[in-house]
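> Below: sequence and its predicted model.
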Amino acid sequence: MSMLLRARRVLSEIGWLDDHQLRIDDGEIVAIEPIPSGVTVRDAELLCPAYIDLHVHGGDGVDVMDDAPQTLDILAMHKAREGVGAWLPTTVTAPRESIESALQRIAQRIHHGGPGAQVLGSYLEGPYFTPQNKGAHPPELFRELEIAELDALIACSQNTLRVVALAPEKPGALAAIRHLKQRGIRVMLGHSAATYAQTIAALDAGADGLVHCFNGMTGLHHREPGMVGAGLTDPRAWLELIADGHHVHPAAMRLCCQCAKDRVVLITDAMRAAGMPDGKYDICGYDVEMKDGVVRTATGGLAGSTLSLDAAVRNMVELAGVSAEAAIRMATLHPAALIGVDDQLGSIRIGKRANLIALDAGLQVQQTWVQGQAIPL
């Protein structure tokens, strides 16, 4: 199927192009060209690559760990409504059999397809953490790192597992990182009490960055820079960021950009309450409550977010002071590069998939296309 999309401004891989159009054939961008003079119709104010959310637990009342058959379809449509064209369903710390079941469901969804945003693989967040910065993860279910178990989880995922998060100070962590990297899997570091030196050692072993930077890890101190200090200063580290203004203070968001603007990956870390009214919900088997859009445990700790990725982009512009182009890249090309799909996704370039969004001047999502197909919003 062929189609033509015209926009007042197109965010191409080389920057903004005024009054350009995209020719799309069989879900692929085949031409980027000026709109002929005299043509006044525009399909978008701003035409940009669709967002990629690498860290998603839930939304619209469902959770990745739910075994209901339509869960991933519901979530994929929910993500598409916020401008996401591709995403990684993310597990939580749970009994091993529950994690394996979730990985199997995600693999089946990838092979069979479905509506909404594309599922690119799975993200394993837990159970390989330490208790000091556990967040909402139940520490009684934390496990030790064993190569055989990691390989079994990869097998359960039918080789669709993309990212594993772990605490780098755990016994065997460096060997596990090296093994996972040999299997083509990205490794993110978090929910950990690791020191600066331990974090650097993990990056030396091949780890790719930090899970939701600042949250669930040792903070920055002038004599012990901690995980945050390692992530901000080491150019190898990608930094996930929950840019909702609650998980990370706007000043820390600005600090992150000033140190590592080209390494920031916007994520939502959204849980089932995202897109839902205030009230009582659950995550990792715990009862939590959402009030004014912020979800907390009974002890007052943050428990996932209700952030949408389009709001994260707007927040980076409004709270962190970055340009719209830079903020959009943090939600498109950066996550694509992190998981190694930037040859197909993450920017507008001839030969890439037509995962696109139309935004208005205020960066509000007007339309999402996945492989050239308009998603009903």
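Right, received. Where do you want to start?
> Tell me how far the residue nearest the centre of the chain lies from Gly206.
The residue lying closest to the centre of the chain (Cα atoms, centre = their mean) is Leu54, at 2.4 Å. Separation of Leu54 from Gly206 (Cβ to Cβ, to the nearest Å) stands at 18 Å. Where you see a C-beta, it was placed from the backbone N, CA and C, and this is true even at glycine.
> can you confirm the residue nearest to the centre of the chain is in a helix?
No: counting by DSSP: H, G, I helix; E, B strand; the rest coil, one finds Leu54 to be strand, located in no helix.
> Export only the CA atoms of the longest helix that the chain contains, formatted as PDB.
Taking DSSP state H as the criterion, the chain has its longest helix at helix 96-112. Written as PDB, here are the backbone C-alpha positions of helix 96-112 (Å, rounded to 0.1, in the frame of the first residue of the first chain):
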ATOM      1  CA  ARG A  96       9.800 -17.500  38.400                       C
ATOM      2  CA  GLU A  97       6.800 -19.300  36.900                       C
ATOM      3  CA  SER A  98       4.900 -16.000  36.600                       C
ATOM      4  CA  ILE A  99       7.900 -14.400  34.900                       C
ATOM      5  CA  GLU A 100       8.200 -17.300  32.500                       C
ATOM      6  CA  SER A 101       4.500 -17.100  31.600                       C
ATOM      7  CA  ALA A 102       4.700 -13.400  30.900                       C
ATOM      8  CA  LEU A 103       7.800 -13.900  28.700                       C
ATOM      9  CA  GLN A 104       6.000 -16.600  26.800                       C
ATOM     10  CA  ARG A 105       2.900 -14.400  26.300                       C
ATOM     11  CA  ILE A 106       5.000 -11.500  25.000                       C
ATOM     12  CA  ALA A 107       6.800 -13.900  22.500                       C
ATOM     13  CA  GLN A 108       3.500 -15.100  21.200                       C
ATOM     14  CA  ARG A 109       2.300 -11.600  20.800                       C
ATOM     15  CA  ILE A 110       5.400 -10.700  18.800                       C
ATOM     16  CA  HIS A 111       5.000 -13.700  16.500                       C
ATOM     17  CA  HIS A 112       1.200 -13.300  16.000                       C
END
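> Just give the nearest non-adjacent residue to Arg178, would you?
Using Cβ to Cβ, 6 or more residues apart in numbering and skipping the chain neighbours, the partner closest in space to Arg178 is Ala205 (5.4 Å).
> same check, this time on Leu22
Leu5 (4.8 Å).
> Ok, Thr306 next?
Using Cβ to Cβ, 6+ apart, the closest residue to Thr306 is Ala274 (4.3 Å).
> same question, Glu100
Glu100 sits nearest to Cys156 (Cβ to Cβ, 6+ apart), 4.5 Å away.
> residues in contact with the one you found?
100, 103-104, 107 (Cβ atoms under 8 Å, 6 or more residues apart in numbering).
> Just the buried subset of these, please.
With burial judged by 16 or more other Cβ atoms under 10 Å, the buried subset of the contacts of Cys156 is 100, 103, 107.
> Just to check, the last one is in contact with Leu153?
No: Ala107 lies out of contact with Leu153 (Cβ atoms under 8 Å); the separation is 11.3 Å.
> would you list every one of the helices in the stretch 251-377 of the chain?
For the stretch 251-377 of the chain, applying DSSP state H, counting those that start in this stretch gives helices covering 309-319, 324-330, 333-338.
> Between the ones you listed, which one is closest to Ala358.
helix 309-319 (11.6 Å; Cβ to Cβ).
> Find the residue closest to Val370 in space, skipping its chain neighbours.
Computed as Cβ to Cβ, 6+ apart, the closest residue to Val370 that is not its neighbour in sequence is Gly85, at 5.1 Å.
> tell me what the helix or strand that contains the one you found is packed against?
Per DSSP states H and E: Gly85 is located in strand 84-89. Contact here means 3 or more Cβ pairs under 8 Å, 6 or more residues apart in numbering; DSSP states H and E; on that basis strand 84-89 packs against strand 51-56, helix 71-81, helix 96-112, strand 118-119, strand 122-125, strand 365-370.
> Each with direction, which strands does it pair with?
strand 51-56 (parallel), strand 118-119 (parallel) (DSSP bridges).
> For that strand, what does the pLDDT average out to?
Averaged over strand 84-89, pLDDT sits at 98.
> How far does that strand sit from its chain's centre?
Centroid separation for strand 84-89 versus its chain: 7 Å, with Cα atoms, centre = their mean, to the nearest Å.
> neighbouring contacts of it?
Here strand 84-89 has contacts from 49-56, 64, 72, 75-76, 79, 102, 106, 109, 117-123, 162-163, 309, 339, 341, 345, 355-357, 368-370, using Cβ under 8 Å, 6+ apart.
> Using CSV, write out the CA atom coordinates for that strand.
Extracted in CSV, the C-alpha atoms of strand 84-89 (Å, rounded to 0.1, in the frame of the first residue of the first chain):
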residue,chain,number,x,y,z
VAL,A,84,4.2,5.2,20.9
GLY,A,85,4.8,3.1,17.8
ALA,A,86,6.9,0.4,19.5
TRP,A,87,7.5,-0.7,23.0
LEU,A,88,8.9,-3.4,25.4
PRO,A,89,6.4,-5.0,27.8
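> Just the buried positions in that strand, please.
Within strand 84-89, the residues that count as buried by 16+ other Cβ under 10 Å are 84-89.
> report the angle between the axes of that strand and helix 309-319?
For strand 84-89 against helix 309-319, the angle between stretch directions is 100 degrees (axes from the mean of the first three to the mean of the last three Cα atoms, to 10 degrees).
> switch to numbering from 49
In the new numbering, first residue 49, that becomes strand 132-137.
> what angle do strand 132-137 and helix 144-160 make?
Using the same axes, to 10 degrees: strand 132-137 against helix 144-160 is 150 degrees.
> returning to what we had before: now render the helices and strands packed on strand 132-137 as JSON lines, adding mean pLDDT.
Output for the helices and strands packed on strand 132-137, formatted as JSON lines (pLDDT from 0 to 100):
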{"stretch": "strand 99-104", "mean pLDDT": "98"}
{"stretch": "helix 119-129", "mean pLDDT": "98"}
{"stretch": "helix 144-160", "mean pLDDT": "98"}
{"stretch": "strand 166-167", "mean pLDDT": "98"}
{"stretch": "strand 170-173", "mean pLDDT": "98"}
{"stretch": "strand 413-418", "mean pLDDT": "98"}
